[in-house]
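**Q** Build me a model from this:
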Amino acid sequence: MRVAVPCVLFAAAAVAAGQAPGAASAADLVLVAARVAPVDGPAVDGGVAIADGRIVAVGPAALAHPLKPTGTKLEFPGATLFPGLVDAGSYVGVRRERDETTTAFEVETRMADALDPFHPGFARNRAAGVTTLHATPGDRSVIGGRTAVLKVAPGGARRVLRADAGLKASFVQAAYSDDRAPTSVQGALDLLNRPTPDLAERLKPWTDPTSTLFVAARSERDVRAPGRLSRLGGRKILMTGPAAGEALDDVAAYAAGVVLDPLPPSLAPYERRRVADLCARLPFAFASYAPLDPPTVLRISAATAVACGVPEDRVERALTLGAATLLGVEKQVGSLAVGKDGDVCVFSGPPCDPRSRLLATVQDGRVVWRAPAD
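**A** Numbering: from 1, shown residues only. Predicted coordinates:
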């Protein structure tokens, strides 16, 4: 016991200093910048050290961390190190599979299986700082399928963090058609709350209290509908726009959080108030729905949210750790912390400032994109 106590104290001190306790492996990559914004704590000086794809030191400890003889040290004077961005709603790689219009209930469709890892949109993601994405079905089926949280590296190598992150439901008007049931929001509620035996069996895994239901609804009327679901989704996350702010009390009563549609800078004053109210009441994240919009819209949405009056630190969290938490992958990604994946964005300034340039993107400890030299 006399030997163990000092070891424990040393390990605790190492963690407090931002370095993995007893870290034996030297770093493959050390990034040095003027500011490190870990998101889960205050900004610090120094850098980030990554070994075997994971962060092993953050802050001043990273500067002293040993580097492998084959390792790389990159310095970005005046820049900010920030976690890799997490896109909370994307169609990249699944665009052709995201909508099945012949049936309203695609319970078994899995985005993890439908993904094309060679889609050119993944390269655009990396050039926008997106290292993790939430692949979702579209909105044209009442139940569109099972979402997935994943990464795709250059060359098409993919890593699935959650194969069945949640079930996607839709209460937008595009989900209803005159030539198949249901033909209305009320009809969808009736079928989901009192399903046929076959549908009930297919939906059974998603009645578990620990399951997650991602629900698209955008009009003031439709965003109230998910609160009337009596069977599905122990945890409901609303995928919506500013209109949900008009029904905020109803939304807050059932939603564990919201994934916000792209927010253009041209929002009207009343829409800005709705966004501010939503973000004040509920955990939130941003979706790009790329390739329908470019992945750079995530930072545009962030800048717009700040302009709406949402505190900048909460917006930075929504781009990273907030999104990871809503998606259930916060232990792996979303902040610059020892033990987490080596996903880092290098910005010339504050990430929510549209004037800041992305200088480099690091995914799992590998530099996957760098800005061209001026």
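
**Q** How far does the lengthiest strand in the chain sit from its chain's centre?
**A** For the chain, the longest strand by residue count, based on DSSP state E, is strand 67-83. The chain centre lies 24 Å from the centre of strand 67-83; the measure is CA atoms, centre = their mean, to the nearest Å.

**Q** What of stretch 104-112?
**A** 20 Å.

**Q** What's the end-to-end length of it?
**A** End-to-end distance for stretch 104-112, by CA to CA, to the nearest Å: 20 Å.

**Q** go on, stretch 192-203?
**A** 9 Å.

**Q** ok, now stretch 352-361?
**A** Using CA to CA, one end of stretch 352-361 lies 16 Å from the other.

**Q** And stretch 291-310, by the same measure?
**A** Taking CA to CA, stretch 291-310 runs 27 Å from one end to the other.

**Q** What are the buried residues along it?
**A** Buried residues in stretch 291-310, counted by 16 or more other CB atoms under 10 Å: 291, 293-306, 308, 310. Just so you know, the C-beta spots here come from the backbone N, C-alpha and C atoms, and that holds for glycine as well.

**Q** How about stretch 216-233?
**A** Result for stretch 216-233 [16+ other CB under 10 Å]: buried residues 216-219, 222-227, 229, 232-233.

**Q** Next, format these as TSV and append distance to Val338.
**A** Shown next, in TSV, are these (distance: CB to CB, whole Å):
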residue	distance to Val338
Ala216	36
Ala217	39
Arg218	40
Ser219	44
Asp222	43
Val223	39
Arg224	43
Ala225	43
Pro226	38
Gly227	40
Leu229	40
Leu232	38
Gly233	34
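
**Q** Just the closest of those residues to Arg158, please.
**A** Among the buried residues of stretch 216-233, Ala216 lies closest to Arg158 (CB to CB), at 24.7 Å.

**Q** is it true that the closest one touches Gln173?
**A** No. Using CB atoms under 8 Å, Ala216 is not in contact with Gln173; the gap is 10.8 Å.

**Q** and the gap between the nearest residue to Ala157 once chain neighbours are set aside and Asp222?
**A** Leaving aside its sequence neighbours, Ala157 sits nearest to Pro117 (CB to CB, 6 or more residues apart in numbering; 7.3 Å). Relative to Asp222, Pro117 is positioned 34 Å away (criterion: CB to CB, to the nearest Å).

**Q** Over to Leu232?
**A** 16 Å.

**Q** What segments of the stretch 151-300 of the chain are strands?
**A** Taking DSSP state E, counting those that start in this stretch to define them, one finds strands in the stretch 151-300 of the chain at 158-170, 212-216, 235-240, 255-260, 284-286.

**Q** What's the mean pLDDT across the last one?
**A** Taken as a whole, strand 284-286 carries a mean pLDDT of 98.

**Q** Equivalent analysis for the fourth one, please.
**A** Taken as a whole, strand 255-260 has an average pLDDT of 98.

**Q** Show me what that strand is packed against.
**A** If you count contacts as 3 or more CB pairs under 8 Å, 6 or more residues apart in numbering; DSSP states H and E, strand 255-260 packs onto strand 235-240, helix 269-281, strand 284-286, helix 321-327.

**Q** all helices of the chain, in order?
**A** 4-16, 60-64, 111-114, 121-127, 185-193, 197-203, 248-254, 269-281, 297-307, 312-319, 321-327 (DSSP state H).

**Q** would you turn the ones you listed into CSV with distance to Gly93?
**A** Converted to CSV, the helices of the chain look like this (distance: least, CB to CB, whole Å):
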stretch, distance to Gly93
helix 4-16, 37
helix 60-64, 33
helix 111-114, 8
helix 121-127, 6
helix 185-193, 28
helix 197-203, 25
helix 248-254, 30
helix 269-281, 29
helix 297-307, 17
helix 312-319, 21
helix 321-327, 17
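
**Q** Just name the most buried of these.
**A** Across the helices of the chain, averaging neighbours per residue (mean count of other CB atoms under 10 Å) puts helix 321-327 on top, at a mean of 26.

**Q** For that helix, what is the distance to the chain centroid?
**A** 6 Å.

**Q** Same check on stretch 139-157?
**A** Counting by CA atoms, centre = their mean, stretch 139-157 comes out at 12 Å from the chain centroid.

**Q** could you give me the average pLDDT of that stretch?
**A** Computed over stretch 139-157, the average pLDDT equals 95.

**Q** and if you look at stretch 83-97?
**A** 88.

**Q** residues in contact with Arg235?
**A** 210-213, 256 (CB atoms under 8 Å, 6 or more residues apart in numbering).

**Q** Now, of those residues, which are buried?
**A** 211-213, 256.

**Q** Reformat the residues you listed as a markdown table; add distance to Val32.
**A** Shown next, in a markdown table, are these (distance: CB to CB, whole Å):
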| residue | distance to Val32 |
| --- | --- |
| Ser211 | 43 |
| Thr212 | 38 |
| Leu213 | 43 |
| Ala256 | 38 |
